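>>> how would this look folded up:
(one chain, ligands or ions: 2)
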Amino acid sequence: VADNPEAERRRFQEASEADASALSGLMAQADDQAKAILEAHLMMLQDPSLIEQVEAGITAGRPAETAVESAVDEFAGMLAALDDPYLKERAADVRDVGRRLMAALAGKPAGLRLERPCIVVAHELGPSDTIGLDRSLLLGLVTEQGGPTSHTSILARTWAIPAVVLPGITGRVASGDMIALDGDAGNLLLNPAAEALAAYEQRARQASAQAERDLAEAELVAETTDGHRVELAANAGRPGDVAPAMALGAEGVGLFRSEFLFMGRQTAPDEEEQYAAYSEALKAAAGHRVVIRTMDIGGDKAVDYLNMEKEENPFLGVRALRLCFRRPGLFRTQLRALLRAGVHGKLAIMFPMVGSLGDLRSARRELDDARRSLETDGITHVSHPEVGIMVEIPAAALIAPHLAQEVDFFSIGTNDLVQYTLAVDRGNPDLADLYQPYHPAVLRLIDQVVIAAHAAGKWVGVCGEMGGQPIGSLLLTGLGVDELSMSPSRLPKVRRLIRSNRFAELERIAREALTLGTPDYVTQLVEPLVK
Ligand code: PEP
Ligand code: MG
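Ligands and ions are numbered 1, 2, ... in the order given. The predicted model follows:
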């Protein structure tokens with residue numbers, strides 16, 4: 001309860017004015033489409049009935065925050081209950097206005113904007129915060145939360161931006177401090193002395209010299225000394241990631257995380273915008289296969305404007321296909337955009353978080369419906385792109401022989417497969433030592449998936465981070481995986497490793513790894529092959 005309604009009213013007015021001026025500032029730089037959205041937000045912010053409701057709450061003795069929250073809830077709830085689909089969707093805008101107001105009340109700007117080249121230090125950064133950052137100004141990320149397979153880390157790796165997790169760091173740095181960051185070692189120097197700084201700069205120069213050598217080797221294929229080929233592909237988050245990956249020698253895109261197109265913005269991209277993005281990715285791959293995964297929203301990838309229910313366990317909740325089945329309109333739009341874009345290259349469509357044959361069949365049915373709707377509308381599209389699934393839920397791995405009959409390929413998502421098999425949250429730094437991709441339980445699941453795929457004559461890839469790690473890439477090659485898809489910066493090293501080993505030896509070692517009892521034994525077994 002607030003004891004001074006007058007002060008609360010003033011706080012609300014100041015927050016509202018601060019946000020209005022921030023919105024006007026954004027509008028000055030926005031394109032037409034974004035401008036229209038920002039204008040609508042400004043109008044909502046100044047809507048007399050919303051203001052009246054907040055002020056009534058304050059008069060009734062509530063603090064400004066509570067008054068804003070309940071007014072926004074009521075307003076958004078009312079819109080969401082309407083039949084008109086357009087007005088219904090405006091509920092998300094009202095909630096967004098509410099979120100901005102709450103941020104302004106807390107004295108924080110909503111959304112992070114970089115003004116000069118800098119390292120961002122934050123307690124936690126969600127992927128939707130990260131995707132909105134200006135990459136040309138972002139030199140590094142330091143957070144207190146997150147593991148190496150959290151999506152913010154994955155984005156940073158894709159962009160080759162050093163990212164380090166250091167609990168307690170936000171209490172030790174101030175804006176304007178100088179930071180030297182070593183993403184490979186996970187180290188950070190705060191206000192370094194001249195000598196230490198010089199050593200870091202020397203390392204940075206060596207890294208860029210290595211990057212030039214890597215580009216020169218991009219034409220080589222990943223073939224073992226006894227002639228076994230593995231396809232090396234890249235993971236991408238945005239169409240612009242594809243060309244640099246191809247320059248590093250990627251033979252295609254093994255995982256395009258389409259959900260990133262939905263993040264760092266106020267509304268979902270429509271069919272035209274998605275069509276343009278997928279077409280751009282396909283063209284950039286110049287005839288090589290691009291596996292576009294349908295949106296994997298949920299888990300650590302929440303999207304505010306979709307008004308998703310708050311869940312106790314989002315990684316076990318309404319994520320990926322589960323969300324798509326609940327929002328058929330959203331899914332249909334994406335599938336139509338994909339089928340249309342397919343004419344511009346070699347498209348493969350992949351469904352995430354498949355846990356049963358039922359999931360796969362429902363997703364395929366939605367794809368058939370999308371195809372039929374394009375036929376009815378007379379719109380050019382591809383009819384039968386390759387269709388595959390992510391194998392990232394242990395249940396899917398265990399019924400792989402059945403799933404293999406109904407797909408063209410599998411891609412094993414080890415990031416999730418590890419967390420679900422070992423019951424270890426992939427984003428919790430406190431559990432980092434329990435997150436073990438080389439746990440024999442995980443290896444046995446992967447082995448079963450590879451055997452099932454090959455028995456059905458289908459190819460199988462790995463698109464989790466494990467495939468880009470030295471030990472992981474050799475083990476997976478030995479297990480018979482056909483394709484490894486990874487952050488582009490990992491390609492050169494993995495290619496060198498595969499080219500310096502014998503397949504017969506990798507096979508033997510992988511078979512032996514399956515019989516071991518601990519991840520440490522597996523690591524000790526493979527380490528001598530990592531030169
Ligand atoms: C995975 O789970 O391994 C994967 C590649 O998908 P994501 O990291 O986006 O969950
Ligand atoms: Mg996954």
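
>>> With adjacent residues omitted, what lies nearest to Val382?
Using CB to CB, 6 or more residues apart in numbering and skipping residues adjacent in sequence, the residue nearest Val382 is Gly342, 3.3 Å away. The C-beta positions use only the backbone N, C-alpha and C, and glycine is treated the same way.

>>> and the one you found, how many residues sit next to it?
Neighbour count for Gly342, taken as other CB atoms under 10 Å: 24.

>>> again, but for Thr376
8.

>>> how close does Glu17 sit to ligand 1?
40 Å (CB to the nearest ligand atom, to the nearest Å).

>>> again with Thr376
33 Å.

>>> can you check Phe410 too?
12 Å.

>>> That residue reaches Gly388, doesn't it?
Yes. Between Phe410 and Gly388 there is a contact under CB atoms under 8 Å: 6.1 Å.

>>> Compare the two and say which is more crowded by neighbours.
Phe410 (29 against 25).

>>> mind listing what the host helix or strand of the more buried one pairs with, with the direction of each?
Phe410 belongs to strand 409-412 when assigned by DSSP states H and E. With DSSP bridges as the test, strand 409-412 is paired with strand 386-391 (parallel), strand 459-462 (parallel).

>>> Off-centre distance for that strand?
Relative to the chain's own centre, strand 409-412 is displaced by 18 Å; criterion: CA atoms, centre = their mean, to the nearest Å.

>>> At the geometric centre of this protein, which residue do we find?
Nearest residue to the geometric centre of the chain (CA atoms, centre = their mean): His151, 4.6 Å.

>>> can you map out the helices along the stretch 51-200 of the chain?
Along the stretch 51-200 of the chain, counting by DSSP state H, counting those that start in this stretch, helices occupy 64-80, 85-105, 127-131, 151-158, 194-216.

>>> what does the fourth one rub up against?
Taking contacts as CB atoms under 8 Å, 6 or more residues apart in numbering, the residues outside helix 151-158 that touch it are 125-127, 129-131, 141, 143, 146-147, 162-163, 165, 183, 235-237, 241, 260, 300-301, 415, 465, 487-490.

>>> so who does Leu220 touch?
Here Leu220 is in contact with 249, 495, 499 (CB under 8 Å, 6+ apart).

>>> can you give me the helices in the stretch 251-400 of the chain?
271-284, 321-326, 328-341, 357-377, 394-398, 400-404.

>>> Any chance of CSV for the ones you listed, columns mean pLDDT?
CSV is the format used below for the helices of the stretch 251-400 of the chain (pLDDT from 0 to 100):
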stretch, mean pLDDT
helix 271-284, 98
helix 321-326, 98
helix 328-341, 98
helix 357-377, 98
helix 394-398, 98
helix 400-404, 98
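
>>> what does the stretch 151-300 of the chain have sitting close to ligand 1?
Counting by CB under 6 Å from any ligand atom, the residues of the stretch 151-300 of the chain lying close to ligand 1 are 255, 257, 296.

>>> Out of the residues you listed, flag the one nearest to ligand 2.
Asp296 (6.2 Å; CB to the ion).

>>> The closest one touches Pro352, doesn't it?
Yes. With contact defined as CB under 8 Å, Asp296 and Pro352 form a contacting pair (4.2 Å).

>>> Between these two, which is the more surrounded one?
The residue with more neighbours, out of Asp296 and Pro352, is Pro352; 29 against 26, by other CB under 10 Å.

>>> What is the burial count for Phe315?
16.
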